[in-house]
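J.: structure of the sequence below:
(one chain, ligands or ions: 1)
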Amino acid sequence: MKEPIKGFSKLSKAAKLEWLTQNNFENPEATLELFQSYWHNDETVQKKHDDFIENTMTNYYMPFGVAPNFQINGKLYTLPMAIEESSVVAAAAKSASYWMARGGFKTEVVSTEKIGHVHFMYEGDASPLFNEFNALEEQLRAATKELTANMEARGGGITAITLVDKTADLDHYYQIEVCFETCDSMGANFINSNLEEMAKSLEAFTAAHQDLNEDKLEVVMRILSNYTPKCIVRASVSCPVSDLASEGTTGEDFARKFKRAIDIANAEPYRATTHNKGIMNGIDALIIATGNDFRAVEAACHTYASKSGQYRSLTHCSIENGTFTYWIEIPLALGVVGGLTKLHPLVVKALEMLGKPNAEELMGIVAVSGLAQNFAALRALVTTGIQKGHMKMHLMNILNQLEATPEEKVIVANYFKDKVPHHREVVNYFCNLRGVPVPKVGG
Ligand code: HMG
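T.: Alright, predicted model coming up:
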């Protein structure tokens, strides 16, 4: 039986690895060797990785691919994509070329504000807070003056402070809701620091006010919201419907089927979840490559997809007067300074590859990546089916699992050039080629 360990975090990396491998693996020596083989050979680079998180033992590699030919607002980009799933990068690249031939992508940043809250309870008459909100707001702004000075110099800062009565949702619950402009940073630290100062200021205001009672006030949390419906970007493509024609399908037919696919994602949450998952393939890959927080982006996008009360498609489509227009509108709170942006050598390169965009430009590029990904998936789904292209890209994974030689890979890839390479069929063909028995299912 495994024993718990106390003080693990205080051990050296070597001692942690020793404990980990000795207590969790059948072959500790081989495991240690494997973990060490994933260390960077430059110690300073490895030290950076060690310091990103806690208890780092090794590095977990993720492929860093690129998708060229993205024409966005008339400018050509190559997108960096960090993702483990086959066919995502190929799909992005295919969509990029497809839309480059039809005028490219357009983007528009609709808004850029982020939101944070001081969540508090007041178990008494809170009306003095509302009646004298101007005085409270003045005090809150004064309390954060020093913290916001640099951001204001960059053109950002606090844009609005509101007192919100949430007692209809939860007894005694109120919020100070604060909107922030955080320029090129994602702004999490900036927002949270300001909210913590504001909470202290709220407590002081309450204590000093003759009609309020500090004992009835409880500040519960001071935290940014990862839901950013005031930080919205839109990316779109548009072309004559007739330009959508491809082998065997008229433009009209393709556009109609494509729109149907989006209608279904709007009507059916089961489909919307998969539809939006495909969009996130494109978004997350770019978010990870550029050192941003994909959990925050995921959370925001999924909440936004539910804003009508039902989980729906993040992409939209119209066919009007012979024109096909297809767009995505999503909340994206991104940074190009702070966080990993200067620390991770590949993030630095990813941003350089994109021409060192500011946060707004990056919002547009990321939205385009999501739209392109959704286009490729829907295009495949409403025509050939997804498995043809996906399995074609996945074939190498199967062959690597089978430990195929380079020569065998060529022969198998050639055989499946015009067929969908379903897993079982690849295994069968490969075993016949090698002259070995086909393994039993589950064996
Ligand atoms: P294809 O037409 O067989 O590819 O498409 P091709 O060999 O004719 O090449 C055409 C272009 O595709 C290339 O142009 C590349 O841009 C790209 P070129 O570079 O030759 O000028 N491309 C590649 N790029 C890099 N490496 C490659 C490569 N192959 C093609 N090896 C493709 C094949 C997979 C692109 C197509 O079938 C496709 O787009 N399929 C959709 C795949 C997809 O959406 N994958 C996402 C994962 S599935 C999923 O999780 C989401 C989903 O469930 C979401 C939903 O349901 O909505 C589907």
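J.: helices of the stretch 1-150 of the chain, start to end?
T.: Along the stretch 1-150 of the chain, the segments classed as helices by DSSP state H, counting those that start in this stretch run 13-24, 28-37, 43-52, 88-100, 127-131, 133-143, 145-153.
J.: packing partners for the second one?
T.: Spelled out, it's helix 28-37. Judged by 3 or more CB pairs under 8 Å, 6 or more residues apart in numbering; DSSP states H and E, helix 28-37 is in contact with helix 13-24. Backbone N, C-alpha and C define where each C-beta goes, glycine included.
J.: buried stuff in the helix it packs on?
T.: Within helix 13-24, the residues that count as buried by 16 or more other CB atoms under 10 Å are 16-17, 20-21.
J.: and if you look at stretch 96-107?
T.: With burial defined by 16+ other CB under 10 Å, the residues of stretch 96-107 counted as buried are 96, 98-100, 104-107.
J.: now find how far off-centre that stretch is within its chain.
T.: Offset of stretch 96-107 from its chain centre (CA atoms, centre = their mean, to the nearest Å): 22 Å.
J.: let's test this: mean pLDDT of that stretch, rounded?
T.: For stretch 96-107, mean pLDDT rounds to 98.
J.: any residues of the protein in contact with the ligand? List them.
T.: Neighbours of the ligand within the chain, by CB under 6 Å from any ligand atom: 85, 87-91, 93-94, 97, 274-275, 277-278, 281, 376-377, 380-381, 386, 389-390, 392-393.
J.: make a ChimeraX selection of the buried ones in these.
T.: Per 16+ other CB under 10 Å, the buried members of the residues of the chain next to the ligand correspond to this ChimeraX selection:
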select :87,88,89,90,91,93,94,275,278,281,376,377,380,381,386,389,390,392,393
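J.: spell out the residue ranges of the strands in the stretch 51-200 of the chain.
T.: 64-72, 75-82, 106-109, 114-122, 157-165, 173-181 (DSSP state E, counting those that start in this stretch).
J.: mind checking which of the ones you listed is nearest Lys349?
T.: strand 75-82 (7.5 Å; CB to CB).
J.: which other helices and strands does that closest one contact?
T.: Judged by 3+ CB pairs under 8 Å, 6+ apart, the packing partners of strand 75-82 are strand 64-72, helix 88-100, helix 269-289, helix 345-353, helix 359-382.
J.: so which of these is the most surrounded?
T.: helix 359-382 (a mean of 25; mean count of other CB atoms under 10 Å).
J.: average pLDDT across that one?
T.: pLDDT averaged over helix 359-382 gives 97.
J.: who touches the very next helix or strand once past it?
T.: For helix 359-382, the succeeding helix or strand toward the C-terminus, using DSSP states H and E, is helix 386-401. For helix 386-401, contacts defined as CB atoms under 8 Å, 6 or more residues apart in numbering pick out 86-87, 90-91, 377, 380, 408-409, 412-413, 416, 420-423, 426-427, 430.
J.: hang on, the earlier thing: which of the helices of the stretch 1-150 of the chain sits closest to Leu332?
T.: Nearest of the helices of the stretch 1-150 of the chain (CB to CB): helix 88-100, 17.1 Å.
J.: that closest one vs strand 75-82, what angle?
T.: If you take axes from the mean of the first three to the mean of the last three CA atoms, to 10 degrees, helix 88-100 sits at 170 degrees to strand 75-82.
J.: give me the contacts around helix 88-100.
T.: Here helix 88-100 makes contact (CB under 8 Å, 6+ apart) with 65-71, 79, 81, 83, 105, 237, 281-282, 285, 369, 372-373, 375-377, 379-380, 389, 393.
J.: again, only using 6 Å
T.: For helix 88-100, the surrounding residues in contact (CB atoms under 6 Å, 6 or more residues apart in numbering) are 65, 67, 69-71, 81, 105, 237, 281-282, 372-373, 375-376, 393.
J.: what does stretch 40-60 give?
T.: With CB under 6 Å, 6+ apart as the test, stretch 40-60 has contacts from 17, 35, 38-39, 343.
J.: which is the succeeding secondary structure element to the least confident helix or strand in the chain by mean pLDDT?
T.: In the chain, no helix or strand scores lower on mean pLDDT, DSSP states H and E than helix 386-401, which sits at a mean of 84. Toward the C-terminal end, the helix or strand that comes next after helix 386-401 (DSSP H and E) is helix 406-415.
J.: pull the contacting residues for Lys259.
T.: Applying CB under 6 Å, 6+ apart, we find Lys259 in contact with 317, 319.
J.: surely it is within a strand?
T.: No - applying DSSP: H, G, I helix; E, B strand; the rest coil, one finds Lys259 to be helix, outside a strand.
J.: and it, how close does it get to Ala367?
T.: 20 Å (CB to CB, to the nearest Å).
J.: same check on Ala142?
T.: When CB to CB is the yardstick, Ala142 and Ala367 sit 38 Å from each other.
J.: then Lys216?
T.: Distance from Lys216 to Ala367, by CB to CB: 45 Å.
J.: burial of Tyr429, as a residue count?
T.: 17 (other CB atoms under 10 Å).
J.: measure the residue in the stretch 301-443 of the chain that the ligand sits nearest to to Ala285 for me?
T.: At 1.9 Å from the ligand, Gly389 is the closest residue in the stretch 301-443 of the chain, using CB to the nearest ligand atom. Separation of Gly389 from Ala285 (CB to CB): 17 Å.
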